[in-house]
Each structure stands twice: as structure tokens, then as C-alpha cells.
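> Everything below, folded, please.
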Amino acid sequence: MKTILISVVFAVSMVSTFAAGDIPFFKSLFMGDEEYVRQELLKCKDVESVEIILSNYDAYDDDKTYNIFVHLTESRFITFSSVKLQAYLRGSRNSNNFPSIRISQINDIVPLERALIPARINFVHNTAQYDFDLQSLHTSHLIKALPELNMNNILDIINNFDDVYAYISLLPESSKDHPWFIHFEEDIPYTESFIIPDIFIDGVPFSIIEYKNEHDFFDPKREITWEYRYKFYKISVERGINEYGLSPLRIDYKSN
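Residues are numbered from 1 along each chain as shown. Below you'll find the predicted structure:
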């Protein structure tokens, strides 16, 4: 009897702990992570169906990444990729829990971002080598670009689908002439007025400029603030498939 009583008290205390931390532990435990997230997304405005498909599984780290296909009323559609469900379960109300999630497709558009970010930093000479990369649009960057919508996560993006689509549909078309990836071997000195490589200048304004403090590995007290710059573009689903070989893209999403 004493053992049963202790078990009951422990269970109640655990429920209180998880509830206070906004962690859906027991729901995900009994429903499964995939089903729990699917049910949460189905609560969003105008959502008709949700598909959650495993895209990558690292058995060594037990790390699973998913693609989430969301079908809304009036043949509207959005795909989120690079989704880690455990990050979602740790706290779905904070966009900081979605550092890797990208929007792969929204209706007939593939949103892209070109990133100019420091790849190798030399703290001795205050210089860096930069990477110029083309990638799917990060949800965290979209959220920062649309502060007026007060979005914090993918639930908010779905609930503001029409405004998000209107914004993405007006983005400039990405040119085929731009390379997919470039690593600049030249060391670029850090200055208050960052000198942008010519290849990144195309008349399109920067959508996001972030500043991050980078710490010297050998001297943690030493840090430099570097710029991370992003430009947003769009291409059609057909171009994404035929020219870039992107996935997961769906041409026939309206039939679902």
C-alpha cells in the first residue's frame, strides 16, 4: 500500500512538472510524437490534413528529421522541412526551438534565401572567409521579416497563411546565373562598414541582417560581432524540380 501511494504521489508531481514547463510529455508518450504534432497542426486555421513523413534518421544519434505537408482549404498548401519533432515537443511556443526548420514550398512557389555568412574567422587579424549559399527559406528568418504578424512558430505561420503567401509571392525571381554555393578564399577584414562581395550585389535589398557575437576558442573573453546577411527570392515548383533538383516538392498538391 505504501509503495502504491508513493507511486501515485510521484506521478502527480511529474504531471505538474511537465504541465508547468509546457512539455506535452504524457500526450506524446501515449499518442506518439508524430501523431501528437499532427493533431496540434490540425487545430490551426483552415487546415484539412497533415502528413508527417520521416526524411532522415541518424541511428547513431537517434536523430530524426521530418517533412511536414499541410493541406488547407481552397487548395492551399505548405511544406516544412528539416523538422525535428523533439524540438517541437520541448516548447512549441518559441521560435528559438525551430533553428533548422525551413519552408520548402508554399502553393506553387519555392521560397529561397541567399546567405552571406562568415565561415572561418581569424581573431588574430580580425578577418573572415565568407560562404555564399543558396538554401530553402528558414522559418526563423521569415518570422523576423514579418514582425507585424507577431509570429513565433510554424503554427503561427499556418494561421497567417494568406499574409505569408502574399509576402513570398512578391519576392524577386532567383536568377539561374547565381551559383549555388561559393566559398571566398580571400580573407575579408572586419570593419564597421562591411564590404559586400560584388557577386552578392544584384539590386535586391537584404531581407534580414543579423549580428552575432563570435568568441575566440583560445580566448573566450575575446569576441567580435560579425554580420550575417540574407536575401529572399522565389522560384516556381517546376524550376525547383527541373533546374535545382529540390525536394520535397509537389506539383499535384491540389489533388490531395
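
> low pLDDT regions in the chain?
Applying pLDDT under 70 to the chain picks out residues 1-31, 58-63, 86-99, 124, 178-180, 185, 190-197, 199, 255-256.

> Geometric centre of it: which residue is closest?
Central residue of the chain (C-alpha atoms, centre = their mean): residue 101, 2.6 Å from the mean position.

> Quick check on the nearest residue to it once chain neighbours are set aside: phi, psi?
Nearest residue to residue 101, sequence neighbours excluded (C-beta to C-beta, 6 or more residues apart in numbering): residue 139, at 4.7 Å. Any C-beta I mention is one placed from the backbone N, CA and C, and that applies to glycine too. Dihedral pair for residue 139: phi -60, psi -40, per degrees, to the nearest 10.

> and residue 139, how far is that from residue 44?
To residue 44, residue 139 is 14 Å away according to C-beta to C-beta, to the nearest Å.

> Helices along the stretch 1-150 of the chain, start to end?
Secondary structure of the stretch 1-150 of the chain, counting by DSSP state H, counting those that start in this stretch: helices at 2-20, 25-31, 33-42, 85-90, 139-145.

> picking up where we left off before, got the contact list for the residue nearest to the centre of the chain?
By C-beta atoms under 8 Å, 6 or more residues apart in numbering, residue 101 lies in contact with 80, 81, 82, 83, 138, 139, 140, 154.

> Check residue 184 too.
Residue 184 makes contact with 129, 130, 131, 132, 197, according to C-beta under 8 Å, 6+ apart.

> got JSON lines for those, with neighbour count and distance to residue 182 too?
Listed next are the contacts of residue 184 as JSON lines, based on neighbours: other C-beta atoms under 10 Å; distance: C-beta to C-beta, whole Å:
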{"residue": "129", "neighbour count": "15", "distance to residue 182": "11"}
{"residue": "130", "neighbour count": "26", "distance to residue 182": "9"}
{"residue": "131", "neighbour count": "15", "distance to residue 182": "7"}
{"residue": "132", "neighbour count": "20", "distance to residue 182": "4"}
{"residue": "197", "neighbour count": "13", "distance to residue 182": "8"}
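
> Filter those down to just the ones in strands.
If you go by DSSP state E, these have 129, 130, 131, 132 in strands.

> Residue 51 reaches residue 69, doesn't it?
Yes. Using C-beta atoms under 8 Å, residue 51 is in contact with residue 69, at 4.1 Å.

> Who has more neighbours out of the two?
Taking other C-beta atoms under 10 Å, residue 51 and residue 69 do not tie; residue 69 has more neighbours (20 against 13).
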